[in-house]
Every structure is written in structure tokens, then in C-alpha cells.
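Asks: My questions are about this predicted structure, shown below with the sequence.
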Amino acid sequence: MSQSGQYNNGGDRRVSGARPQFGDMTVGDYANGMPSIRVGEMFRALLRQLVWLVPLALVGVLVAIFVTKDIKRAYKGEGRFLVQIGSEYTFDPVTGQSSQGGGVLLTPDIITLNEAGIMQSAEVIQAVKSEIERNNLQQHFAPKLYAEIAAASSDPIAATKAQLKLHEFLEKNFEVEPQPKSSVVNLSFEHENGPVAVEVTKYFMNAYLKQRQSIFVEGSVGVISDRLNATKEQLHANEAAIQDFLKTNGISDFGTERAGATTRLENL
């Protein structure tokens, strides 16, 4: 029994007559529904395709290893703060209503963004750097950067550049994320050494609390004293002006004069 027809191999080669030999068949021929498919021949066709797939896969693996050889696993230390509206954000007068209920409306977003700015300030980063050096974590934290700083100790310009690199390294790996519509601020520090990441995160939290205290508590002492002195001077000036007015108008006892004037007005 003869069989005739056309065989399309890849869309370019057409052969008339008998169907193709199994040695010339590809995986595409089997996928297109060739009749009388033999399982053994199908696996042989797959093996023929692997002749070029295996070297290509090996090349891809070698390239991936070369590209990722300097990538190190990073660990992240995390912490969080709950910030709320306090006396440092409001004015509480001796009499009258507090500014917390009126004036500029303070939302949780405003408070958290303000606190996040303090956490990311240069003073906090500098305090963390000093704490790292005080606890002798240089060799575990950034040995290359500290070696560069030590090598440039004789050159002020190079030493400054090395210090800036260390500052940028701390700033780059430190993240502060205020939660929207919330009073929670998350902070984290990423490092290839897990214990170092946790320890430096603690340094950031402590440095933030100290910086906040210096701004809102210690830094406000001088301002309050100046305002008290200015208020006292103004009160003294007002008292002197009142005494001059009473003396000019012949009023010796202001309370008595006022009571008498009130009585005369009532009689009238």
C-alpha cells in the first residue's frame, strides 16, 4: 500500500512521496500530530535537541554565577515607635483653651512625618557612627571603609571623602517608613551580618530618642527662659506706665477710685 502527500518540515522544505524517516524527525513533527508515533523515537528526537541545549544551559549557569558572585545575603534589624501628639506640639496657656483643639490641625500623618525627619537627620546618623566606633564594631560593620579612613588619616581631603562614604553607607541602609493614617513609624537597618544589623538598629533607636530629647526638652530650656525674662520686662514696663498714669491724674488708690466711680455712676 503506497502513501503519498506532502511533508512540511519547518515551513520551508516540502517533500512529496513517503513520510519522513524517524532520523529526520524533530519534536515539532511529533507535536504536529505525525501518524504512528513511536515513544522510543520521540525520546531519541529529544536527545538530539539536547546536543545544543545542554551547552547553552551550562553557559547560562556560568554567566549567572559570575554576575551574582559578589551578591551577599543581607539581614535586616527592625524596630518601631508609637508617636502621639504631646505638649511639644501644642501650647497650653495658663488660662483659656489649649491649642490642641484649635488653630492648626495636627493629624497623625504630620506627627509621624516630623518624627521620621528627626530619625533620618544627620545628627542621628553621626551619633550612630560614634556609637559603632565606641563599641569597636568597625571590623564587623564596614572594614573596607574604615581601612580607607585609616589610610587617609594624613590627608584631610581624602579623610573627609572617606567619612562621607561611611555616612552614605549608613544612610543608604537605614530605612524609615511612617505608616499612613497611623501613629506608628517603622525603622530598619540592613547589613550582611545579622547581629550587627540588630545592634545598629538599636543604636539608631537610642540616637533618635536622645536627639528628640535635645530638641524638645534640653533645647527648649533656653527659649523658655528668654521668653520668661521678656515677659517680666514687659510687665514691669506696664506697671510703670500705670503708676505714671495714676500719679498724673491724682489717683492714689486705684481700687477705691474705681469703686467710687462705680457708685456715682449707679446713683446717676
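Replies: Structure received.
Asks: Can you show me the helices along the stretch 101-250 of the chain?
Replies: 108-119, 122-134, 138-141, 143-151, 156-173, 194-213, 219-248 (DSSP state H, counting those that start in this stretch).
Asks: hmm, who's touching the fourth one?
Replies: Outside helix 143-151, the residues within contact range by Cβ atoms under 8 Å, 6 or more residues apart in numbering are 138-139, 159, 162-163, 165-166, 169. (Each C-beta comes from the backbone N, C-alpha and C, glycine too.)
Asks: So how do I select the buried members of the residues you listed in ChimeraX?
Replies: The buried subset of those, as determined by 16 or more other Cβ atoms under 10 Å, is captured in ChimeraX by this line:
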select :138,159,162,163,166,169
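Asks: returning to what we had before: now tabulate the helices of the stretch 101-250 of the chain in JSON lines and tack on distance to residue 257 and mean pLDDT.
Replies: Below are those laid out as JSON lines (distance: least, Cβ to Cβ, whole Å; pLDDT from 0 to 100):
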{"stretch": "helix 108-119", "distance to residue 257": "52", "mean pLDDT": "86"}
{"stretch": "helix 122-134", "distance to residue 257": "59", "mean pLDDT": "92"}
{"stretch": "helix 138-141", "distance to residue 257": "77", "mean pLDDT": "87"}
{"stretch": "helix 143-151", "distance to residue 257": "78", "mean pLDDT": "88"}
{"stretch": "helix 156-173", "distance to residue 257": "69", "mean pLDDT": "89"}
{"stretch": "helix 194-213", "distance to residue 257": "52", "mean pLDDT": "92"}
{"stretch": "helix 219-248", "distance to residue 257": "9", "mean pLDDT": "74"}
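Asks: Quick check: which of those is nearest to residue 47?
Replies: When the helices of the stretch 101-250 of the chain are compared by Cβ to Cβ, helix 194-213 sits nearest residue 47, at 46.6 Å.
Asks: what's the angle between the closest one and helix 219-248?
Replies: In terms of direction (axes from the mean of the first three to the mean of the last three Cα atoms, to 10 degrees), helix 194-213 departs from helix 219-248 by 0 degrees.
Asks: Redo the helices of the stretch 101-250 of the chain as a markdown table? Include distance to residue 184.
Replies: Below are those laid out as a markdown table (distance: least, Cβ to Cβ, whole Å):
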| stretch | distance to residue 184 |
| --- | --- |
| helix 108-119 | 7 |
| helix 122-134 | 19 |
| helix 138-141 | 28 |
| helix 143-151 | 32 |
| helix 156-173 | 21 |
| helix 194-213 | 14 |
| helix 219-248 | 25 |
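Asks: what's the span of stretch 242-254 from first residue to last?
Replies: The first residue of stretch 242-254 is 10 Å away from its last residue (Cα to Cα, to the nearest Å).
Asks: related to what we said a few turns ago, which stretch among the helices of the stretch 101-250 of the chain comes nearest residue 262?
Replies: Across the helices of the stretch 101-250 of the chain, closest to residue 262 is helix 219-248 (Cβ to Cβ), at 17.1 Å.
Asks: So which elements touch that closest one?
Replies: Here helix 219-248 touches no other helix or strand, going by 3 or more Cβ pairs under 8 Å, 6 or more residues apart in numbering; DSSP states H and E.
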